[in-house]
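1. Give me a model of this one.
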Amino acid sequence: MTKKVIMMSALSLLLLGCQNKIAEKSAANGSLELANPASVYCEKNGGRVENRKDAQGNETGICVFPNGSECDEWKFFRNECTSSAE
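-> Reported below is the predicted structural model:
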């Protein structure tokens, strides 16, 4: 009987510990957010990301480089353009 009580107590503590870790990783609004890999790649390679909307309201990430050149962030991520591309 005491083994069952000890095991149940240990399991309860383990589950409580896991719950706290998940809560710490959550964003302020309660959801988990993942970074856009293309945006991260742009910034790691010296660019900055600008989100732009077209006439229909579609949003696109543009990687803007220090030399002023620009490239769609996903095209840059796939090596379809470089920091010197217009």
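
2. Can you pull the phi/psi pair for Cys63?
-> Backbone torsions for Cys63, taken as degrees, to the nearest 10, come to phi -90, psi 120.

3. How much space separates it from Lys4?
-> According to Cβ to Cβ, to the nearest Å, Cys63 stands 59 Å off from Lys4. Just so you know, the C-beta spots here come from the backbone N, C-alpha and C atoms, and that holds for glycine as well.

4. for Leu34, same thing?
-> Leu34 is 41 Å from Lys4, by Cβ to Cβ.

5. again with Ser69
-> Taking Cβ to Cβ, one finds Ser69 at 68 Å from Lys4.

6. follow-up on the earlier one: more neighbours: which of Cys63 and Lys4?
-> Neighbours per residue, other Cβ atoms under 10 Å: of Cys63 and Lys4, the larger number sits with Cys63, 27 against 8.

7. so what's that one up against?
-> Ala38, Cys42, Gly47, Arg48, Val49, Glu70, Cys71, Asp72, Glu73, Phe76 (Cβ atoms under 8 Å, 6 or more residues apart in numbering).
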